[in-house]
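> Next comes the sequence, and after it the predicted model I'd like to discuss.
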Number of protein chains: 4
Amino acid sequence: MSDGPSPGRSQGGPAPSGGSEAHEVASVEAKNGPPPVEVSAETFLKMGQQVLAQQPFSVLIDAELLALAPGRCELAVPLAEKVLQQHGFAHGGVVSYAADNALTYAGGTALRVPVVTSEFKINYLRPAVGERLIARAEAVHAGKSQAVCRCDVFVVKDGAEKLCAVAQGTIAALPKKD
Amino acid sequence: MSDGPSPGRSQGGPAPSGGSEAHEVASVEAKNGPPPVEVSAETFLKMGQQVLAQQPFSVLIDAELLALAPGRCELAVPLAEKVLQQHGFAHGGVVSYAADNALTYAGGTALRVPVVTSEFKINYLRPAVGERLIARAEAVHAGKSQAVCRCDVFVVKDGAEKLCAVAQGTIAALPKKD
Amino acid sequence: MSDGPSPGRSQGGPAPSGGSEAHEVASVEAKNGPPPVEVSAETFLKMGQQVLAQQPFSVLIDAELLALAPGRCELAVPLAEKVLQQHGFAHGGVVSYAADNALTYAGGTALRVPVVTSEFKINYLRPAVGERLIARAEAVHAGKSQAVCRCDVFVVKDGAEKLCAVAQGTIAALPKKD
Amino acid sequence: MSDGPSPGRSQGGPAPSGGSEAHEVASVEAKNGPPPVEVSAETFLKMGQQVLAQQPFSVLIDAELLALAPGRCELAVPLAEKVLQQHGFAHGGVVSYAADNALTYAGGTALRVPVVTSEFKINYLRPAVGERLIARAEAVHAGKSQAVCRCDVFVVKDGAEKLCAVAQGTIAALPKKD
C-alpha cells in the first residue's frame, strides 16, 4: 500500500505540469476537505519533494519529483545500473514503481487528503533503454473518497522521449479516524 | 518491460510449489517450443536463481527466488529499511516489483521460451508491515504466445503470513527473430 | 488452475457453491454494517435472484444466479444467438458482464452493505463457444469500505467446463447518506 | 474473446475522430500486414458498421459506430430501459461492453489485421444516467502483434457529456494460420 502525499490545499490557476514558477498559485476543485489555503506552486512542489525524501525506497533509486500541481505529477528515475534487469533495460518493477508513485501524487493532490493507492494496472509498451524514466500522471476524476488517475511513462534517450508504459489506477482517501 | 526467465524444458511430474527436492522432475504441458528436456526441480530452481542474480535491481533489494516449477514461482523480498516508504510500510513499488517478477517467472516457465511481461494489474489489500514479502504466482492459462498468471503477495510478520496484495497479468513470448 | 486464497469469510456452514440447501445458515464476518442476521442459504440465494430480476439488462440476456453465499457467487448466461458476436462466440461484452456482475455479488455479500463496482480487469483466455457461461467469483479480502474479488469465467460445452476468462476487481460500499 | 474488425488498409492523412467526410483518406502506420490500400474515411466507417451489424449482441442493444479511423473509434449505445440495472443506471456490463468494443475497433484499425481483445481494465467513475453512452477509444501504441488502447466512456444527458468510465487494454493480432 503506497501512502502518498497530500502536500497542501491551494487555490487559483493551475500550475504548469512541466515545471513550476515561483509564486504561481495552484488549485484543484475537490469535493473533500476544509476550505483551500493558498500555496504557491513552488511551495507545493517542495512539499511533495519532502514527502519523497522521506521514502527510503525512493531515495534508494534516486527518484526525483520534477513537477507537482493539484491532480498532476511528474516524477523521474535515473536509469543507473542498479535499477536495470539482465538485458540492460529498466526493470519492470522500477517502471511500475514510477507509475505507482506518480499516480499516488496525482490522486493525493487532487483529493487533498492523506491517501493510499488502492490498485493500478500497467501496460509495458517497449523496453525502457535510456538515461532516465519520466512518469507523468494526472487525475481524470476526483470524487469524495477516491481519485482515478492515468499515467504515461516515458524513457528519455539522447534527449528524446519515448512512451514506454501506460497505467491507470485508483487512489483512495484514508478513512478518517474518530 | 520485464524480461524474464525461461530456464529450461522439462518433463515428468510437477514440482512442489513450496520447495524443491533434488532429482525431482518438473514439467509443463506447453504448446510451444522444442521437445522437452528433463531437468531436475533443483536444477530448475538454480537456473531461475541465476537469472535473478543477473538483474541488478533484484540484487539491489535482495530479492530471493524460493521455489520455481513450470508455471509456478515463489519469490521473496526482505523488508529492510531501504525498501520502505515514509510510514514504515513496504513501498507500493516494491510490492508491485515482487508481483511483476513472480508473474514473469510463472509465465516464462509455463511457456518455456524467452518472455516479457506485457501487462499486469495489482490490488493492494493492506499495508505491508513485517519482515518480508513473499509473492506466489501461477499460470492459469498458457497458449502458444502468452500465459495469463495470477499472484498473491503475502507479508510475513512474526512468522505469520497475511495476504497484502493480489495481481493478475499477461506474460508474452518474445517474437522469434528470423 | 486458479487456486487463489479463499480465506473463508463465513461463519457457520458455508453455502455450497454449486447449489444451496434449505436451512443452511450463511453469514460473513464483515467489519461493516449492523450485527449479522441469520438467513438460510436458500433465502440468501432467493434475495440475490430478486435483485437480478430487477436488472432489465440481466433479464434481457437471461442471466441466472445459480448460487450465492457471503463472499461467493455463481452466475450463468445462456449462450443464445443474441449474445454472440460475428464468429459465433460469446461477445466479449457478455463475458465481461458475467464477470462484473459476479464480482459485484461476491463483494456485496462479503461487505453486507449496498455496493458499486469500482473497477475490474479481465483477461480473455479463449473464445467462449458452447451452451452457457458460468462466472464464479469470490472475495479475497473485505475491509471496511471495499472488497477485492476474483472471478473465473467458464464456458460449458457438451457438459464440460473450460476456463475462458479471469477477472479481478474492487467492490466499494456506497457512502452512507447523512 | 472479442473478435474485432480490421475493415481495411488505408494510407494518407488521419481521418477526423469526431466524424468522417466523404473521400477523405485515412491511414495508420502499422508494422504489420500487406502494403496499405487507399480507402476513403467514409468507406472505412461503413466497413466498421458492417462488422458491428454482424454481431447479434451489438444489434440486441442497438450499438452504433459513430466514427472510425485507423487507431480511433467512437461507439454509442442508447440507454433504453433494456440496458439498465435496478436503479435506472446503465448496467456496468453495458458500460464495459462499450469500452471493450471501442478498444477492439481502435486496436484492430491500428494493427490492420484480424484481432482479438486480450484484456482490459475499466474504472467506473459515476452512475451512467442519461440518453446514451459514447465510448471513444484510441490506440496509444501499436507494435507488430498487439496494440495498447485507451478508452473514455461518456454518458450524454440533455445534450451534455459526462465522463463515466475510463478503460485501458490490449488488442492482439490473431496468429496467422499456416
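Right, received. Where do you want to start?

> who's in contact with A:Asp100?
Residues in contact with A:Asp100, defined by C-beta atoms under 8 Å, 6 or more residues apart in numbering or on different chains, are A:Ser2, A:Thr117, A:Phe120, A:Ala167, A:Gly169, B:Gly92, B:Gly93, B:Ser96. In short, each C-beta sits where N, CA and C put it, glycine included.

> Might you report the residue contacts of the fourth one?
When contacts are counted by C-beta under 8 Å, 6+ apart, A:Ala167 is found next to A:96, A:99-100, A:103, A:120-123, A:137, A:150-151, A:153, D:168.

> In helices, which of those appear?
The members of those that map onto helices under DSSP state H are A:Ser96, A:Ala99, A:Asp100, A:Leu103.

> Neighbour-wise, which one of those residues leads?
Counting neighbours by other C-beta atoms under 10 Å in any protein chain shown, A:Leu103 leads the ones in helices among the contacts of A:Ala167 with 33 neighbours.

> how near is the residue at minimal distance from the centre of chain A to C:Ala67?
Nearest residue to the geometric centre of chain A (C-alpha atoms, centre = their mean): A:Ala102, 2.1 Å. Distance of A:Ala102 to C:Ala67, given as C-beta to C-beta, to the nearest Å: 42 Å.

> Residues touching stretch A:43-63, excluding its own?
Applying C-beta under 8 Å, 6+ apart, the set of residues contacting stretch A:43-63 from outside is A:4-5, A:7-8, A:10, A:15, A:20, A:26, A:39, A:64-65, A:67-70, A:73, A:75-78, A:80, A:82-83, A:94, A:97-98, A:101, A:105, A:109, B:60-61, B:81-86, B:91, B:93-94.

> Kindly report the residues of chain A close to chain D.
Neighbours of chain D within chain A, by C-beta under 8 Å from any C-beta of the partner chain: A:121, A:123, A:125-126, A:140-141, A:143, A:148, A:150, A:163, A:166-168, A:170.

> Mind checking which of those residues are in strands?
Judged by DSSP state E, those include A:Lys121, A:Asn123, A:Val140, A:His141, A:Val148, A:Arg150, A:Leu163, A:Val166, A:Ala167, A:Gln168, A:Thr170 as members of strands.

> What about the fourth one, how many residues nearby?
When you say that, I think you mean A:His141. 21.

> what about A:Leu65, helix or strand, and which?
Using DSSP states H and E, A:Leu65 sits in strand A:64-69.

> can you tell me the average pLDDT over that strand?
For strand A:64-69, the mean pLDDT works out to 98.

> Ok, stretch A:86-99 next?
Mean predicted confidence for stretch A:86-99 is 96.

> any bit of it sitting next to chain B?
Yes. Stretch A:86-99 lies within reach of chain B by C-beta under 8 Å from any C-beta, at A:Gln86, A:His87, A:Phe89, A:His91, A:Gly92, A:Gly93, A:Val94, A:Val95, A:Ser96, A:Tyr97, A:Ala98.

> Run the chain-centre distance for that stretch.
Centroid separation between stretch A:86-99 and its chain, computed with C-alpha atoms, centre = their mean, to the nearest Å, is 16 Å.

> Just the buried positions in it, please.
A:Gln86, A:Phe89, A:Ala90, A:His91, A:Gly92, A:Gly93, A:Val94, A:Val95, A:Ser96, A:Tyr97, A:Ala98, A:Ala99 (16 or more other C-beta atoms under 10 Å in any protein chain shown).

> which one among those residues gets closest to D:Leu174?
Set against D:Leu174, the nearest of the buried residues of stretch A:86-99 by C-beta to C-beta is A:Gly92 (26.3 Å).

> any chance you could read off phi and psi for that closest one?
Torsion angles at A:Gly92 (phi, psi; degrees, to the nearest 10) stand at phi -50, psi -30.

> Quick one: the helices in chain A, in order.
Going by DSSP H, chain A shows helices at A:41-53, A:56-60, A:92-111.

> Quick one: work out the angle between the longest one and strand A:64-69.
Translated: helix A:92-111. 30 degrees (axes from the mean of the first three to the mean of the last three C-alpha atoms, to 10 degrees).

> Check the first one too.
With the same axes, to 10 degrees as the basis, helix A:41-53 and strand A:64-69 are set at 140 degrees to each other.

> So for A:Pro175, what's the pLDDT?
So, for A:Pro175, pLDDT stands at 77.

> hmm, back to that, can you list the buried residues of stretch A:86-99 in CSV and add distance to chain C?
Converted to CSV, those look like this (distance: C-beta to the nearest C-beta, whole Å):
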residue, distance to chain C
A:Gln86, 26
A:Phe89, 24
A:Ala90, 23
A:His91, 22
A:Gly92, 17
A:Gly93, 19
A:Val94, 22
A:Val95, 18
A:Ser96, 15
A:Tyr97, 20
A:Ala98, 20
A:Ala99, 15
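
> Dump the residues you listed to JSON lines, plus distance to D:Ala53.
Below are the buried residues of stretch A:86-99 laid out as JSON lines (distance: C-beta to C-beta, whole Å):
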{"residue": "A:Gln86", "distance to D:Ala53": "50"}
{"residue": "A:Phe89", "distance to D:Ala53": "44"}
{"residue": "A:Ala90", "distance to D:Ala53": "45"}
{"residue": "A:His91", "distance to D:Ala53": "47"}
{"residue": "A:Gly92", "distance to D:Ala53": "41"}
{"residue": "A:Gly93", "distance to D:Ala53": "45"}
{"residue": "A:Val94", "distance to D:Ala53": "46"}
{"residue": "A:Val95", "distance to D:Ala53": "41"}
{"residue": "A:Ser96", "distance to D:Ala53": "41"}
{"residue": "A:Tyr97", "distance to D:Ala53": "46"}
{"residue": "A:Ala98", "distance to D:Ala53": "44"}
{"residue": "A:Ala99", "distance to D:Ala53": "39"}
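
> residues in chain A within reach of chain C, list them.
For chain A, the residues in contact with chain C (C-beta under 8 Å from any C-beta) are A:Ser118, A:Glu119, A:Lys121, A:Lys144, A:Ser145, A:Gln146, A:Val148, A:Thr170, A:Ala172, A:Pro175.

> still on that earlier bit, surely the residue nearest to the centre of chain A meets A:Gly71?
No. A:Ala102 is beyond contact range of A:Gly71, at 11.8 Å (criterion: C-beta atoms under 8 Å).
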